[in-house]
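Engineer: Let me see the structure of the following:
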Amino acid sequence: MSKMQLGVIFGSRTCEHEVSVISALQLMRAVDREKYDVTPIYISMKGEWFSGDPLLEMKTYTGFDEHTRGLFRVQLDPTAGSGALTTVETAGGLFRREKQRLVARLDCVIPVMHGMHGEDGTLQGLLEMCNLPYTSSGVTASAVGMDKVYMKQFFRGCGFPVLPGCWYLRQTWESDPERVISEIETAVPYPVFVKPAMLGSSIGVSRAADRKSLREALDLAFEFDRKALVEQGLTHLLELNCSVLGYGAEATASEIEMPVTGGDLLSFVDKYIQSGGGSKGMASLKRVLPALIEPDLRERIRTLSVDIFRSMDCKGVVRIDYMFDIERGELYITEINTIPGSMAYYLWEACGVPYRDLIDRMVEVALRAHEEKNNSNYAFSSDILSNLSLGGKAGAKTGAKNA
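Structural biologist: Next up is the predicted model:
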């Protein structure tokens, strides 16, 4: 039986570029090579697409050089159903000519993207146009999940528990910072957390306990994004994370982890450097797994996680992060990660699902969703064009009565 041609797309123009590389290398090393031919597809910080065996090695990304032997530029054919990944080669000889070569004809794509230009619905939109199966959530869920402001508004509209907060545009901040600070202090008590709306991995996130640190936090957040979210902080809290796997009505929650943070929210350094992460990403973070929490809280988180997954119409693997207020016994949603760091495989291994099997399930979900999409009717036909007459000047709207 022929192997499935699996494309793994990662990197891209994002502050989380390196994190994406780590997650992608983990996945490509775990995938069952008896079932899949894997084609790495790396998008550089310049937005250029590459493939080739050197992309399977971490050393390739230290001072990335596009001229590395074995690397070549690639393009994805946008024709619906093609799946063709091609490269342009220059033939030798007296008359040098360019020719197009087929690298792979992809059957399914695993986006391993973190942050903008990949996790935010942009890549998903391209793959929808290509009519290619892919393992992540769709365009809408990805876009909402990436933007913390939209995400919070969505959760609040669904009646899910979120912390009080407010948000501002960079333009508003730059035009009248004193007014913004005064409005925040009226709306939310200190301490607060300030976050760029469209970033993950805790990049640009900081805690503010007074007016001076709030100003600094907003300046930092607006360095990374044009929109910033300000949320009420908790003093005594537990961070708790849960993953969900599935598609449509079929969704299953993982075991719950409790990252070891010392009482503060995790920073980028906590997640990927000081934790000993190195090239191991979120999988190496210090954590208590399963979390030492009461059974009723555990079930509440797992049930809520599935409800969130279904409400957003997610698919594949997501991770939902929570904060539990120890003093008040209240649970709040921090965010959803529609393509989580390390694909949250460690949470599924704790449930008895090896990473190799998790990848299989992600691919199965992608194929099911793709089949269901193709079962929809796109062939509705009307007589509009046959009855339309374009008279007068080119482009004039004439001849269509009762439009």
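Engineer: contacts and neighbour counts: CA atoms only from here.
Structural biologist: Will do.
Engineer: Model confidence for residue 390, exactly?
Structural biologist: Per-residue confidence (pLDDT) for residue 390: 76.
Engineer: Which residues are in contact with the spatially most central residue of the chain?
Structural biologist: In the chain, the centroid-proximal residue (C-alpha atoms, centre = their mean) is residue 119; its distance is 3.0 Å. By C-alpha atoms under 8 Å, 6 or more residues apart in numbering, the contact set of residue 119 is 111, 113, 142, 143, 146, 338, 339.
Engineer: Go through the residues you listed and flag which are in helices.
Structural biologist: In helices, judged by DSSP state H, the following of the contacts of residue 119 are found: 142, 143, 146.
Engineer: that's a strand at residue 100, yeah?
Structural biologist: Yes: counting by DSSP: H, G, I helix; E, B strand; the rest coil, residue 100 falls inside a strand.
Engineer: what about it, neighbour count?
Structural biologist: Residue 100: 11 surrounding residues under other C-alpha atoms under 10 Å.
Engineer: Grab the nearest non-local neighbour of it.
Structural biologist: residue 88 (4.5 Å; C-alpha to C-alpha, 6 or more residues apart in numbering).
Engineer: Give the other helices and strands that the host helix or strand of the one you found contacts.
Structural biologist: For residue 88, the element it lies in under DSSP states H and E is strand 84-91. With contacts taken as 3 or more C-alpha pairs under 8 Å, 6 or more residues apart in numbering; DSSP states H and E, strand 84-91 sits against strand 72-73, strand 75-76, strand 97-105.
Engineer: Show me which residues of that strand are buried.
Structural biologist: Residues of strand 84-91 classed as buried by neighbour count (16 or more other C-alpha atoms under 10 Å): 84, 85, 86, 87.
Engineer: quick one on the thing from earlier: now pLDDT and distance to residue 105 too, for the contacts of residue 119, in JSON lines please.
Structural biologist: Formatted as JSON lines, the contacts of residue 119 follow (pLDDT from 0 to 100; distance: C-alpha to C-alpha, whole Å):
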{"residue": "111", "pLDDT": "98", "distance to residue 105": "16"}
{"residue": "113", "pLDDT": "96", "distance to residue 105": "21"}
{"residue": "142", "pLDDT": "98", "distance to residue 105": "25"}
{"residue": "143", "pLDDT": "97", "distance to residue 105": "27"}
{"residue": "146", "pLDDT": "95", "distance to residue 105": "30"}
{"residue": "338", "pLDDT": "97", "distance to residue 105": "26"}
{"residue": "339", "pLDDT": "97", "distance to residue 105": "24"}
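Engineer: All good on my end, thank you.
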